[in-house]
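> fold the following.
(4 chains)
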2 protein chains.
Amino acid sequence: MPTISDVAREAGVGVGTVSRVLNGSRQVTPATLQRVKEVMERLGYRPNPIAQRLRSRRSHTIEVLVPLFTRHFYVEVLRGIEMGLGTTDYGLLIRSIEKQADRDRAFANSGAHDYADGVLIVSLAPADDLVERFHVAQCPVVLIDAEYGGLSSISVDHEAAAAMAVRHLLALGHRRIALIDRPQDPFTATYSGGRYAGYRQVLAAAGLPVRPEYEVLTKFTPEAGTAALYTMLELPQPPTAIFVGSDSQAIGVIQGARQRGCRIPEDLSIVGYNDVEISRYLDLTTVRVPMYEMGRRGAELLLARLAEPEQAQVQERLQATLVVRATTGPPADER
Amino acid sequence: MPTISDVAREAGVGVGTVSRVLNGSRQVTPATLQRVKEVMERLGYRPNPIAQRLRSRRSHTIEVLVPLFTRHFYVEVLRGIEMGLGTTDYGLLIRSIEKQADRDRAFANSGAHDYADGVLIVSLAPADDLVERFHVAQCPVVLIDAEYGGLSSISVDHEAAAAMAVRHLLALGHRRIALIDRPQDPFTATYSGGRYAGYRQVLAAAGLPVRPEYEVLTKFTPEAGTAALYTMLELPQPPTAIFVGSDSQAIGVIQGARQRGCRIPEDLSIVGYNDVEISRYLDLTTVRVPMYEMGRRGAELLLARLAEPEQAQVQERLQATLVVRATTGPPADER
DNA sequence: ATTGTCCGTGGTATCGTTTCCATGAAACCA
DNA sequence: TGGTTTCATGGAAACGATACCACGGACAAT
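Numbers count the residues shown, from 1 in each chain, chains lettered A, B, ... in the order given. Below is the predicted model:
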């Protein structure tokens, strides 16, 4: 592999001049420029990015901390990030946090300024000391689907979104509305609790009682959704509608209902959450969370901070919308 | 950020000794080791990976070329790769090739030895000159879901898998079997044509005629699947079964059939391909392609080559299996 | 006692860039 | 014409690590 000095020697110029050509400095005579470019072409020279990074003290890489990058939600966010990066040739260093240990390790290593120029944290609550480290290292951070102190972030008001979903069920005439969601877990989502709060708030506003047996917090898998449904169907008064905190769980609920001969939406209305791709094909009424948009906007915010480090931090919020499809309708068995 | 010489000065040793501690050389007195480690701890020293890479001439990064990383298939493969990498701290540089231009750019840049220590290419046919460049640069490559010359690869026999799917339909009694697939496109899949060949071969072996109107090559989206189905239903003799080259398209076919009041599997049997996660919840009979396993094994093969560069290239194949669910059954309308 | 071997260690060159400073020629102004 | 400014250019230093070489002391062998 030819180096910059090979090019310099071959073109009969100094390395400084070649470097200037490389970086598009206008301090180069057209004739020299031409000659150097020809030599670079002829030798098949390509600058060594590692050396560039070492010298310029910029890694040209963005670190993404994401829980379970296999999950639909995160795949969409990542796709958005990719788009947001556009044609800038920032590399993406994706760290998938699957276990608590991963998280600790990633948080311990990340934010070293020589590793990445900036960091995107998706759906995770950063630890206080990490935030502090980012601050002293002057490493820009943008949170996606999370909020924390004064850090830049792009997120969705899950509480309002959940309230909207539950109000939809209420408007259809449902009075026995259950919730299946994931427990608020400091390890992953920063405030999945928002959905729970929204649910409670709407029920309270409607003067409906709180029924603990209608609130199941379980894992984010279809299987867990099915299991939760089964226990609810055993109740003396089963719910007529369920608000489910993720489409994954909702899929399990739909399947379980089919299994038990429970008609949707006549016997049971279901609202999901996220609007992942599958939901459309299952005709699932759900809350559309702008996953892709959050990723894109998050990347844009980070790029802006990277270009203009003194810029103020901003907290942005996007709107979730309700997508009404075929799994919700008025309750048939009452009144 | 403290550097190696800060540590050396503070510990009263030479930089060489600190480097040896860093790299776990046994040529260090326990006492010195202890002292250096303490200083590293106290100063919060972390070696600069960029400098390490420059000097050691290894980028400690694996490049992954993947078409459309948002697609289910590739997400699964990537997850497998992540697992295959295990606890080695190789970074992953993912290049998503969405357009022809991306492909050219990625292929032009990739394989420079200072960029990545090794390359994984997923479902793409590498250009001849690229293969040549990898060879001269001594950059190990492993193809995933593709085969090419003598390069190491891990793949699936799509022809045999397709044959198996079509034979299943044949065994159920179907005689009018159609194909919906994607055109063989040199840009992405290396031999999606394998499925077509398998389909043709089984029909020929069964003495069934080739009907061009039963073979639709279209895009890999549900919408395209729906459209293809609609044109087939217009035929004077519509097929009683369809072998679909991807679950994405099959989803569209299922939806289209529902829309047209066409019962599955009584009026129409459907076999998909890949067995993506959704398929289970749609009860779709499909061919299970070991996506995750290909990714994992591909990463393992690359790691082995990285550790032992002289190792011979290997071509491995995994078996696809037929997963029979609820979308296939005997034809009802004939005999 | 002398030679040889081995091992822990320090120092320096090196990886391939960018950045900065010095230099000399050309251009400008009076 | 003399002096100042401008500007393209060459070359050295630096980024932060690793690798190599040389050196001195300890210990074994003669």
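
> list the contacts of the lowest-mean-pLDDT helix or strand in chain A.
Across the helices and strands of chain A, mean pLDDT, DSSP states H and E gives its lowest value to helix A:100-109, namely a mean of 70. Here helix A:100-109 makes contact (Cβ atoms under 8 Å, 6 or more residues apart in numbering or on different chains) with A:Leu65, A:Arg95, A:Ser96, A:Ile97, A:Tyr115, A:Leu124, A:Pro126, A:Ala127, A:Leu130, A:Phe187, B:Arg46. (C-beta placed from N, C-alpha, C; glycine too.)

> ok, the helix or strand containing the first one: who's next to it in the sheet?
What that stands for is A:Leu65. In the assignment (DSSP states H and E), A:Leu65 maps to strand A:61-67. Counting by DSSP bridges, the strands paired with strand A:61-67 are strand A:91-97 (parallel), strand A:118-122 (parallel).

> please enumerate the helices of the stretch 201-335 of chain A.
A:222-233, A:247-259, A:277-282, A:291-307 (DSSP state H, counting those that start in this stretch).

> can you give me every residue that contacts the closest residue to DNA strand C within chain A?
Closest residue of chain A to DNA strand C, Cβ to the nearest atom of the strand: A:Ile4 (2.9 Å). For A:Ile4, the contacting residues are A:Val15, A:Val18, A:Ser19, A:Leu22, A:Tyr45, A:Pro47, by Cβ under 8 Å, 6+ apart.

> from chain B, how far out is it?
As for A:Ile4, its distance to chain B is 13 Å (criterion: Cβ to the nearest Cβ, to the nearest Å).

> need phi/psi at that residue.
Here is the backbone geometry of A:Ile4 (degrees, to the nearest 10): phi -60, psi -30.

> any part of stretch A:28-41 near DNA strand D?
Yes. Using Cβ under 7 Å from any atom of the strand, stretch A:28-41 reaches DNA strand D at A:Val28, A:Thr29, A:Ala31, A:Thr32, A:Leu33.

> what about that stretch, near chain B?
No. Stretch A:28-41 lies apart from chain B when judged by Cβ under 8 Å from any Cβ of the partner chain; the minimum separation is 13.0 Å.

> hang on, the earlier thing: highest neighbour count among the contacts of A:Ile4?
A:Val18 (27 neighbours; other Cβ atoms under 10 Å in any protein chain shown).

> what helix or strand does the nearest residue to A:Tyr148 once chain neighbours are set aside sit in?
Excluding the flanking residues, the one nearest A:Tyr148 by Cβ to Cβ, 6 or more residues apart in numbering or on different chains is A:Pro126, at 6.0 Å. Applying DSSP H and E as the criterion places A:Pro126 outside every helix and strand.

> for A:Pro126, grab the count of nearby residues.
Based on other Cβ under 10 Å, the number of other residues close to A:Pro126 is 23.

> my read is that A:Ile177 contacts A:Ile242, right?
Yes. A:Ile177 is within contact range of A:Ile242, at 7.3 Å (criterion: Cβ atoms under 8 Å).

> which one's more surrounded, those two?
The neighbour comparison of A:Ile177 against A:Ile242 (other Cβ under 10 Å) goes to A:Ile242, with 29 against 25.

> quick one: residues contacting that one.
A:Ile177, A:Ala178, A:Leu179, A:Ile180, A:Leu229, A:Met232, A:Val253, A:Leu268, A:Ser269, A:Ile270, A:Val271.
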